[in-house]
Each structure stands twice: as C-alpha cells, then as structure tokens.
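> Provided below for reference: sequence and predicted model.
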Amino acid sequence: MKIKRQKQAKKTISFYKYNFGFREPFQILIDGTFCQAALKNKIQIKEQMPKYLMGEVQLCTTSCALKELETLGKQLYGAKIILQRFQVRKCPHFKEPVSASECLLSMLEETNPHRYFVATQDYAVTTGLKKIPGVPLLYIILNTIVLDKPSQASLDHVQAVQLGELVSPAQHHSIRTLKEEQGIGQKDGERRGKKRKRKQSNPNPLSCLKKKKKKKKGIPTPPLKNTEQEGKRKRSRHKKRKAEAGESTAVPAAANTESSRKTET
C-alpha cells in the first residue's frame, strides 16, 4: 500500500508540475485541523511530508489560523504548539482576523498564483479548493498523509488550455514579463521592469560637422555673381590707367629725340 500511494503521489505531483508550474521547494499551507489530526495519529509532519512528496518543502501557515487556535482554548493547545513552528505568511486580515478556512481560501485567490499545497481536514476548505484549478490537497486518513487526485476544475482547466481556449500559468507568466520589459499595460507610462541597457554606438557624423554662422537679421547678403563682375571691372580699369600712363611718357621722350637731332645738324 505504501508503494502504491507513493506512485499515485508521484503521478499527481508531475501533473501539477507540468500543467501548473509547481517547483521545489513546495509551499504547503497548514491549518489547525491538520495539526490536530497529525498529533492524534502521531505523525511527524516535518519528517514525513518531504518523504511523501519526494522533494523539499516549506511548511507555512497564516496569522488567522494561529489566532483561531488561541480562541478555541486548551483543547487545541498541542496543535497550536505544532503550528507555531511553521513560517507565518502575510494575509490581508492583519487588522481584522477571520476564520482559518476563509483566510486560506483568500490566500489562493482565483488561480493559486503562489503555487500552494493546502493541508487541512476542514470540509468547508476542501469543498472550496475543488472549485479552484491547480490546488493540490493534502489530508490524513488512517495514520497516513494522502495527496488527493486533481479536482475536476483542474482537469477542465488543463483540457481548455490544450484546446487553446485558455492560457496556461507558465504562458501567462511569460506574457507578463514581456509586457513589463516593453512597458505595456502600466499606469502613467511607468516601467516596472528593469531598464534596458542601450547599446554603444558611434557618434552621428552630422553632429561632428562645423556649425554654420547664423545670418544677421535685416542685412541682406549681396549675390555672388555681382561681386565677381565688379571685381573684374575694377581690375580692367586699373590696367587701362597703367597703359595710358605708359603712352603719355613715351610721347615726350620721342619729342626730345627729335629736338636733339635738329640741334646736331
């Protein structure tokens, strides 16, 4: 019977691992009813739970479950001592405590996002868990811990994912991480994910060019063609003046030569 129970537990755990993304260490939410049954049947939860689930576990509870045992009195004193040894997870009922069954169901929400196993003997909790897909249930029967088979809600959810009607938790997680990286679906355009590192690139060649001088307002710039023509004209006039001066000096020199010839004769 022990080998058969372990095979069945291994099959159920692989179902939750493959379809709902459960990983070690398994987080197990425990209430006072489970601790009372373990105390009555002389079951060591810390020793037997990892052996039965064949992996590392984290045993935890809530403050509402502890306060419920305190109010019930001395009859559940032993269960209270056992429950106090486990980790206490924060619940939304810090100021106004509620019953343990209501608190455990609120921790699971609609899709069990934190991947909790639930260990309880409370009928109200078990009926509520079977309506939520992806919640493994643990309870005690005949001095042994038993992992319940997947509920009908879990089987229907897996079938819907395989038909493409729903998105699996692993796919939903990957989509959410991609949205956070791209900054999609966040308020006021704030990115909650990590900032992307910019790649090192060469400087823009246009930014390396020299800046052009700005034209002053109100002073028109003369066209280039007119200035070139004026420069050419000035040069031609200057050459003409030099030529006329050369001719004028040449004429009196010729007259002097003629007068000198006459005197000689």
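Looks like it arrived, so ask away.

> contacts, neighbours, all on C-alpha from now
Will do.

> strands along the stretch 51-200 of the chain, start to end?
Here the stretch 51-200 of the chain has its strands, by DSSP state E, counting those that start in this stretch, at 57-62, 87-89, 116-119, 137-141, 144-147.

> and the ones you listed, which is most packed in?
Compared across the strands of the stretch 51-200 of the chain, strand 116-119 shows the largest average neighbour count, a mean of 24 (mean count of other CA atoms under 10 Å).

> for the nearest residue in space to Val98 that is not next to it in sequence, give me its contacts.
Leaving aside its chain neighbours, Val98 sits nearest to Cys64 (6.0 Å; criterion: CA to CA, 6 or more residues apart in numbering). Residues in contact with Cys64 (CA atoms under 8 Å, 6 or more residues apart in numbering) are 93, 97-100, 103.

> quick one: contacts of stretch 26-36?
55-62, 65-66, 69, 76, 78-80, 82-83, 100, 104, 115-122, 139-140.

> possible to save the strands of the stretch 51-200 of the chain as TSV with mean pLDDT and distance to Leu163?
Output for those, formatted as TSV (pLDDT from 0 to 100; distance: least, CA to CA, whole Å):
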stretch	mean pLDDT	distance to Leu163
strand 57-62	95	33
strand 87-89	93	36
strand 116-119	96	26
strand 137-141	95	26
strand 144-147	93	28
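
> including distance to Leu178, could the ones you listed go into a markdown table?
Shown next, in a markdown table, are these (distance: least, CA to CA, whole Å):
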| stretch | distance to Leu178 |
| --- | --- |
| strand 57-62 | 29 |
| strand 87-89 | 29 |
| strand 116-119 | 25 |
| strand 137-141 | 32 |
| strand 144-147 | 35 |
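
> so which of these gets nearest Ala153?
Closest to Ala153 of these is strand 137-141 (CA to CA; 13.0 Å).

> of the contacts of Cys64, keep whichever come out buried.
97-98, 100, 103 (16 or more other CA atoms under 10 Å).

> tell me the SS of the nearest residue to Met54 once chain neighbours are set aside?
Distance criterion CA to CA, 6+ apart; nearest residue to Met54, sequence neighbours excluded, is Lys10 at 7.8 Å. Under DSSP: H, G, I helix; E, B strand; the rest coil, Lys10 falls in the helix class.

> so in the chain, where's the weakest helix or strand by average pLDDT?
helix 224-264 (a mean of 52; mean pLDDT, DSSP states H and E).

> what about the residue nearest to Met54, neighbour count?
A count of neighbours around Lys10, defined by other CA atoms under 10 Å, yields 15.

> likewise for Lys42?
Using other CA under 10 Å, Lys42 has 11 neighbouring residues.
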